[in-house]
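Colleague: What follows is a protein structure lacking sequence information:
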Ligand SMILES: *[C@@H]1O[C@H](CO)[C@@H](O)[C@H](O)[C@H]1NC(C)=O
Ligand SMILES: *[C@@H]1O[C@H](CO)[C@@H](O)[C@H](O)[C@H]1NC(C)=O
């Protein structure tokens with residue numbers, strides 16, 4: 001009787017252990033996210049022949065400066081692989097900036113990076129967050145994506161690598177770390 005009991009409990013123990021091992025080694029592996037690290041450059045150009053950004057509203061109407069609180073700008077900026085505007089173009093950054101800090105020193109950004117060429121052609125990333133542009137490095141969030149980047153979550157570090165303040169032309173380096181399936 002006692003032997004029979006211990007055989008039964010041993011049997012259940014074995015089943016239990018095998019199940020745990022199966023769950024631990026098989027199930028989470030399928031859900032383990034991939035990581036993609038990506039660096040690209042966005043060119044914000046509020047003036048010039050090749051203007052890609054425009055203020056559309058603000059305290060002084062569409063002529064408001066993006067450096068003043070309350071100004072809304074729409075961008076369709078080229079995205080390149082290198083810091084030079086002449087380097088390979090891999091997409092566009094399309095969306096809005098809203099100057100949302102009372103002293104004018106930070107923007108709220110909400111834009112899509114639409115990859116039109118390269119490894120991620122046809123996929124997009126949704127970027128949303130604060131840009132305290134006087135800081136050397138600012139962290140922002142990547143909230144979602146499409147195509148290769150479905151179910152993405154991530155963050156990025158933004159740096160201004162070129163700035164012509166009077167002309168409001170800037171080149172930004174975006175270095176994103178992404179987790180997706
Ligand atoms: C991405 O960078 C992180 C560190 O930030 C590193 O741990 C990871 O291995 C990198 N992944 C790839 C695919 O390069
Ligand atoms: C990108 O950011 C990660 C930290 O998230 C850092 O480890 C890495 O060196 C950066 N890469 C570049 C090219 O700046």
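Modeller: Great, that's in hand. Nothing here was measured: the structure is a model prediction, and the numbers come from that model. Ligands and ions are numbered 1, 2, ... in the order given.
Colleague: switch to C-alpha atoms for all contacts and neighbour counts from now on
Modeller: Noted.
Colleague: Do I have it right that residue 70 meets residue 98?
Modeller: Yes - the pair residue 70 and residue 98 passes the contact test of Cα atoms under 8 Å, sitting 6.6 Å apart.
Colleague: which of the two has more neighbours?
Modeller: residue 98 (24 against 20; other Cα atoms under 10 Å).
Colleague: where does the residue sitting nearest the centre point of the chain sit relative to ligand 1, distance-wise?
Modeller: By Cα atoms, centre = their mean, the chain has its centre lying nearest to residue 142, at 3.2 Å. Note on residue 142: its distance to ligand 1, by Cα to the nearest ligand atom, to the nearest Å, is 15 Å.
Colleague: so which strand or helix has that residue?
Modeller: Assigned by DSSP states H and E, residue 142 belongs to strand 137-146.
Colleague: quick check: mean pLDDT across that strand?
Modeller: Averaging pLDDT along strand 137-146 yields 97.
Colleague: Please apply the same query to stretch 70-82.
Modeller: Mean pLDDT, stretch 70-82: 98.
Colleague: what about the residue nearest to residue 65 when sequence neighbours are not counted, distance to ligand 1?
Modeller: Excluding the flanking residues, the one nearest residue 65 by Cα to Cα, 6 or more residues apart in numbering is residue 71, at 6.6 Å. Separation of residue 71 from ligand 1 (Cα to the nearest ligand atom) stands at 34 Å.
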